[in-house]
Each structure stands twice: as C-alpha cells, then as structure tokens.
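*Asks:* below is the structure, and that's it, no one-letter string:
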Ligand SMILES: Cc1cc2nc3c(=O)[nH]c(=O)nc-3n(C[C@H](O)[C@H](O)[C@H](O)COP(=O)(O)OP(=O)(O)OC[C@H]3O[C@@H](n4cnc5c(N)ncnc54)[C@H](O)[C@@H]3O)c2cc1C
C-alpha cells in the first residue's frame, strides 16, 4: 500500500503540468501505463491557441470557440479558460519551451502565430510542426528534476477506490486507486484523498485514428465505473486529414498546413471544398471531415489529397519538417506531390463531466485535459484549444483540491481499503480472443458510429457491444489482469458510452451527424447528454 498527497494518472500535458503545481503543496505520484513520454500530447503538431496578436482579443477567441462548439459550449468556462491562456504560456516559456518566432516589420522578433480552421485570427503558438513534443519534453524534464514527484512508468491504473464502492453511504469521495505494476504483474493499492485523472482520450476505439496506442478511454471508463457522471461522448472529432498509407496508419497531417494554403483536391486534381462551405479548405474540422467522407463515397476512391506543392520547397520543409520527413519515408515528396489523406478519429470532446476547475461529482476526484468535459469544446472542439485546456484546468484542479481538502487534513489512511483479490484467476491463455474482440470493436465503431450515423446503425452497434461487454467481463474475472485485458475492458466500456450518448441525441449538432435527425433541434435550448451509472 502506498500513500501520496496527490495521485496524478497520466503524463500528457494535463498530468505533467498538474504534477508541477501539486508538488508546491504536497508529495506527488504520477502514474503512467507505458513510458512517461508516450501521450497524445507529445504527438500534437499544430500548436496551442492563445491570444497574443495585437489584432486579437479574448472575446474574439471566445466567439470563435462558441461558433465551433455549435451551441453547447459553456460560455463562462470558455471565457475563463481562454482568459487564463497567456499566464499558462508564460509558465511554459519559463520552463524553456521554444515557440517559433519571426521578424516583424520593424525588425523585432515576435511569435510566429499560425491560423487554423475555425480561428478568425492568427493565434496558434507552435514549435515547427512538433509543438506537443516540445511542450511535454520540457514539462517532463521539470517533473523529473522535482524531488517531490515520483514518476512511476509501467503502472496501469485499473480502478478507482471510492467510499461508494466500499459500500459506505456517506458522501462519495475518492480514497485511492488499484494499480497494476506491469513488471511484477502485482496489483498495488495507492491511497490518496486527491486524485487527478489525466488519462487522455479514446481514439483507439476506432480503426482509423490519429491517436497513439495509449488512447483507450481508460479514464472515462474508470470514472464511469466509479459513479462519475459522463457527458457528450457522442461528439468524437474526426481529423479530416490523416495520412492514407498502409505503413503509416496514425499519422496526422496538421491543419496548419491548410492554414498555410494547402488545398484539398479529389483524384481528378480539382478542389472540392467550395462546394461544401464558402470557407473552403479553412472550414471547421467537422465540415471538412464530412465533405471528405462524402467525396470518398461519391467517387468510390479510397482517399482525397492535400496539396501544398505550389508553395516554395524551402517554406514547406522549414514549416513542416516532421511531415516532410515522414512522408518521404513512404515515398511521398510533399514539395512535389499531393498527400493522400482520409478522416480519422482524433479527439474526444465529451468525457467525465466537470466544472471549469476539473471537479467531478466525486469528492477529491478531478479530471483534467481530454478525459474531462468542462464545457470548453461543446459539440465540436476548436483546433488547438485542447493543449490550452490541459494547462489551465491542471492548475485550477490542483488549487481546488488543496482548497477544499487541504493536505494537512488528509483522511484516506483512516479508511479500511481491501487489497486487490485475484481469487482463482489464471494466466491469460488465449491472447487471440483479446485481439479479435479489440479488432471487432474498432471495426464496428468505424462502420456504425463514425462521421455519418443513423439510429439503426447505432442500435446495431449497441447490441453488438452488449454481447462483447459480457464476453470481456468474463475474461476480466477469470484471468489475471494484464494490460491487454484491461485496455480491452476500457475500450468496450468507452465504445458503449459513445453509442449510448449518440442514441440519446435526437438531432444533428456539431460532430454528431445523423441521417434520421439531420438538423439541430432549435426548438429547445441545446443540452448536454449526461449519463451516470448510479
Ligand atoms: C496527432 C495529434 C495531434 C494533435 N495536435 C494538437 C494540436 O496541435 N493542438 C492541440 O491543442 N491539441 C492537439 N491534439 C490533441 C491534444 O494533443 C490532446 O487532446 C491533449 O494533448 C491531451 O492531453 P492529456 O494530458 O489530456 O492526455 P494525453 O496527452 O493523451 O496523456 C494521457 C496519459 O495518460 C496515460 N494513461 C492513460 N490511461 C492510463 C491508465 N489506465 N493508467 C496509467 N496511465 C494511463 C497515458 O499513458 C498518457 O501518459 C492532437 C492530438 C493528436 C493525437
């Protein structure tokens, strides 16, 4: 049994920045299921949105976010998160994060801000096309250098321990978490009054995704099982432009490329976006993704193309070095050739329901970053707002926890917490079953629950997932826990939450588009889809 003042699950931008704030008030443990460098955050390319330019304002950033969110953003949350951006950026600069600069007309250096789809101003700070890696490298270095923070890699958080789960009827509060230590295969109990979920999203629920393999929806599934409210899971953002190539299935082509003039073309070489939206290639992601989906279906081709080859080669290579290098590895020279692209699952706009400080309905449990649903994104996230949310909500969640449950008044150790029981579980003997189920979930989500939905397909998906859930549950109880079993369990849970939320929404709004209800229901105030297990 181990005890900490703060337990933070995840080493993306949310978890790492929370750790640095928490270490100012107590002892911190950061758990992460693989290496600390593996996260969605480290894959972020385009940048982080923040009001910096003279012609920009907080109100303009708020307005753009609200337009993208299609009526479901919580305006207060949006305004407060956007307003706090500049202060969090200063903290990153103090850690040595190196955002790109350019020479202004009067000769002084200023941030080289880019503009992405849905933004009406240039406001995206970036480090070439590898912003996430630059940010997480610097955050991780600071975390590792801090003696008050233990970083435990290969530690898989299985389930939260709460008073309700222990059968106590008093106020529901978090007490700890069961964790699989992968090296030893042992399950250890970690106790804390203050737990921050920063486990990221769930892109791996889909066959085509831009997300790395860690993104299996663990945090949402864990919180759901613990009784936390979950909201708006139907809003899965599909990135319009993922590289279409058999050897590189999860490689994203940043939206910033369209911001710099790249054009979407069909196999006939003609631009098609103007037929779908007057903003052309700079329309918001959901519109571009649906347009590409429709073009692919219309022409029967496997993909469309993104073409930036009309720009000077040195501009392309200096602005997009990672994309240039990666495409070259598979024989595509982006300075000469168009890039084959398809839409792919990219970002979970819903998640564990929180307020703008990351607080959930379970005392002591906060959700930070992609796993949470603060109301910033509404029905559709504005590009580059997510890294911003990670940084802002991480600090607030730590502050809130310390305010509401000061470290000096820790009580988790006073509760009797049972050790993890393995019972008669044996070693997994048939990994093939796990891989088969995994594949089935991802394919059925791709076929029935992707960009364009229907009630019938959603119901079919729900029925299949119910069966799969039973099978996976049996597996979970009969076999010793391994990462594969745990990820499969979370994957099927998260897929079901997406479908359950989608079935409840009888309208098309933002990222949720269904042929049965093709318009938004404007007769009532837009509402979140909120579901709770108990
Ligand atoms: C390719 C790509 C490009 C993107 N580009 C941008 C961009 O330009 N700008 C922008 O704002 N956003 C971008 N995003 C989105 C953004 O990167 C993410 O939303 C954000 O980084 C999420 O950060 P996070 O801290 O919430 O989670 P993550 O960074 O995903 O970190 C999650 C962490 O939790 C750990 N974890 C998960 N489950 C468990 C468990 N059960 N036990 C222990 N550890 C666990 C993981 O190993 C990982 O360390 C991009 C995303 C992708 C995939």
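*Replies:* Happy to help now that I have it. Everything numeric here is computed off the predicted structure, so don't read it as measured data.
*Asks:* now name the helix or strand holding residue 489.
*Replies:* helix 483-504 (DSSP states H and E).
*Asks:* and that helix, is it in reach of the ligand?
*Replies:* No - Helix 483-504 is not in contact with the ligand by CB under 6 Å from any ligand atom; minimum separation 7.1 Å. Placement of C-beta: from N, CA and C, glycine included.
*Asks:* where along the stretch 351-500 of the chain do the helices fall?
*Replies:* Here the stretch 351-500 of the chain has its helices, by DSSP state H, counting those that start in this stretch, at 385-404, 431-448, 455-478, 483-504.
*Asks:* redo the ones you listed as a markdown table? Include mean neighbour count and distance to residue 296.
*Replies:* Compiled in a markdown table, the helices of the stretch 351-500 of the chain are given as follows (neighbours: other CB atoms under 10 Å; distance: least, CB to CB, whole Å):
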| stretch | mean neighbour count | distance to residue 296 |
| --- | --- | --- |
| helix 385-404 | 25 | 26 |
| helix 431-448 | 16 | 13 |
| helix 455-478 | 16 | 18 |
| helix 483-504 | 22 | 22 |
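*Asks:* closest to residue 315 out of these?
*Replies:* Among the helices of the stretch 351-500 of the chain, helix 385-404 comes nearest to residue 315, with 24.7 Å by CB to CB.
*Asks:* quick one: the closest one to chain centroid distance?
*Replies:* 16 Å (CA atoms, centre = their mean, to the nearest Å).
*Asks:* other SSEs contacting it?
*Replies:* helix 13-22, strand 48-49, helix 75-94, helix 131-144, strand 195-197, strand 365-367 (3 or more CB pairs under 8 Å, 6 or more residues apart in numbering; DSSP states H and E).
*Asks:* which one of those lies closest to the ligand?
*Replies:* Closest approach to the ligand among the helices and strands packed on helix 385-404 is made by helix 13-22 (3.1 Å; CB to the nearest ligand atom).
*Asks:* what's the helix or strand following that closest one packed up against?
*Replies:* Proceeding N to C from helix 13-22, the next assigned helix or strand is strand 28-31, under DSSP H and E. Counting contacts by 3+ CB pairs under 8 Å, 6+ apart, strand 28-31 is packed against strand 6-9, helix 13-22, strand 149-152, strand 155-162.
*Asks:* switch the cut-off to 10 Å
*Replies:* strand 6-9, helix 13-22, helix 131-144, strand 149-152, strand 155-162, strand 174-181, strand 195-197 (3 or more CB pairs under 10 Å, 6 or more residues apart in numbering; DSSP states H and E).
*Asks:* so for residue 510, which of those sits nearest?
*Replies:* In terms of CB to CB, the element of the helices and strands packed on strand 28-31 nearest to residue 510 is helix 13-22, at 22.5 Å.
*Asks:* show me what the helix or strand bottoming out on mean pLDDT in the chain is packed against.
*Replies:* Taking mean pLDDT, DSSP states H and E as the measure, the chain has helix 285-299 as its least confident helix or strand, at a mean of 87. Contact partners of helix 285-299 among helices and strands, from 3+ CB pairs under 10 Å, 6+ apart: strand 236-243, strand 263-265, strand 304-307, strand 339-348.
*Asks:* report the buried residues of the third one.
*Replies:* For strand 304-307, the neighbour count (16 or more other CB atoms under 10 Å) marks 304-307 as buried.
*Asks:* nearest to the ligand, of the residues you listed?
*Replies:* Nearest to the ligand out of the buried residues of strand 304-307 is residue 306 (CB to the nearest ligand atom; 15.1 Å).
*Asks:* got the helices of the stretch 351-500 of the chain as TSV, with mean pLDDT and distance to residue 283 columns?
*Replies:* Shown next, in TSV, are the helices of the stretch 351-500 of the chain (pLDDT from 0 to 100; distance: least, CB to CB, whole Å):
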stretch	mean pLDDT	distance to residue 283
helix 385-404	97	17
helix 431-448	90	23
helix 455-478	94	25
helix 483-504	97	23
